[in-house]
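**Q** Sequence first, then the predicted structure:
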Amino acid sequence: MRATVPTPTRLRVLRALVAGLAALPVIALAQALCSADQQPLCLNRCTCLPAPVPPASLQSEALYQRLQGLAAAGLEAWIRKSRDQLALQPSQPVPLQVRSQLEPYYDLAVLETARYRVGDDSVLTTAGALLRNPDIAAVTLIDLIVFRNEADAEHNVALWAHELKHVEQYLQWGVGEFARRYTQDYQQVEQPGYAMELRIERELGQRAAGPAAP
């Protein structure tokens with residue numbers, strides 16, 4: 001199947017994401033700093049050299065793939081680093097009152113794997129920028145969910161349902177594939193979480209309302 005040429009909008013989005021990733025390895029960062037018609041040569045330091053010039057359509061596709069790879073690598077590095085740093089601090093398992101309501105929807109492996117913390121504004125702020133959601137209420141870093149406030153962590157079953165969907169995705173795909181899919185089309189990664197969140201909200205609302213009157 002012939003590859004489609006990426007649109008300027010998608011290229012701009014990837015450029016912006018790459019620019020926001022501070023945790024890139026040295027060579028990857030050198031690639032980001034070189035212009036589209038250059039490639040880095042790294043010995044003691046990195047220098048940009050002219051790169052071979054393919055046809056225009058291939059240049060656009062190659063640039064897109066290059067930015068895609070850099071963005072995915074940077075996002076994966078940030079996820080792993082943030083998770084490992086937070087894992088050194090205390091965390092808690094899924095609250096029992098939340099877990100009991102979500103057991104019909106998730107495998108035991110997901111519920112046993114997930115842990116959570118509250119706060120860590122720097123992580124939430126960075127996540128909001130990288131994941132394009134400034135009002136982020138929680139972020140899942142592999143198996144560790146960081147909530148913005150205690151009330152959501154203890155009582156917001158629907159939000160838990162959303163974040164546990166991401167724990168499930170990490171278990172199924174691995175961190176590298178999660179990052180690749182997220183940078184390629186974040187809406188496709190988020191959609192199952194939002195769908196589960198809405199489902200839980202609806203079903204909990206129906207339970208609270210009780211059986212319909214005859």
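**A** Everything's here; your move. Numbers count the residues shown, from 1 in each chain.
**Q** so after the strand or helix carrying residue 71, what's the next helix or strand?
**A** Assessed by DSSP states H and E, residue 71 sits inside helix 56-87. Next helix or strand after helix 56-87 toward the C-terminus (DSSP H and E): strand 92-93.
**Q** Show me what that following strand is packed against.
**A** For strand 92-93, the helices and strands in contact under the criterion 3 or more CB pairs under 8 Å, 6 or more residues apart in numbering; DSSP states H and E are strand 115-118. All C-beta spots, glycine's among them, are computed from the backbone N, C-alpha and C.
**Q** Run through who's touching the strand it packs on.
**A** The set of residues that contact strand 115-118 without belonging to it, under CB atoms under 8 Å, 6 or more residues apart in numbering, is 86, 89-94, 143-150, 153.
**Q** Return a ChimeraX selection command for the buried portion of those residues.
**A** Isolation of the buried members of these (16 or more other CB atoms under 10 Å) is achieved in ChimeraX through the command below:
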select :86,91,94,143,144,145,146,147,148,153
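**Q** Sketch out the low-pLDDT regions of the chain for me.
**A** Applying pLDDT under 70 to the predicted model, the residue ranges of the chain that meet it are 1-59, 128-135, 210-214.
**Q** 90 instead?
**A** In the predicted model, the chain carries pLDDT under 90 at residues 1-72, 74-75, 78, 86-87, 89, 119-137, 148, 183-186, 204-214.
**Q** All the strands of it, residue numbers only.
**A** Assignment of strands within the chain using DSSP state E yields the ranges 38-42, 46-50, 92-93, 115-118, 138-141, 144-147.
**Q** where exactly do the helices run in the protein?
**A** Under the criterion DSSP state H, the chain carries helices at the ranges 8-19, 26-33, 56-87, 96-102, 108-113, 121-130, 150-155, 157-173, 175-184, 186-209.
**Q** out of the ones you listed, nearest to residue 139?
**A** Proximity of the helices of the chain to residue 139 was assessed by CB to CB; the nearest stretch is helix 121-130, lying at 4.0 Å.
**Q** Return the distance of residue 202 relative to residue 64.
**A** Between residue 202 and residue 64 the distance, using CB to CB, to the nearest Å, works out to 39 Å.
**Q** who has more neighbours, those two?
**A** Regarding residue 202 and residue 64, a neighbour count based on other CB atoms under 10 Å identifies residue 64 as having more, with 18 against 11.
**Q** how near is that one to residue 184?
**A** In this structure, residue 64 lies at 10 Å from residue 184, with CB to CB as the measure.
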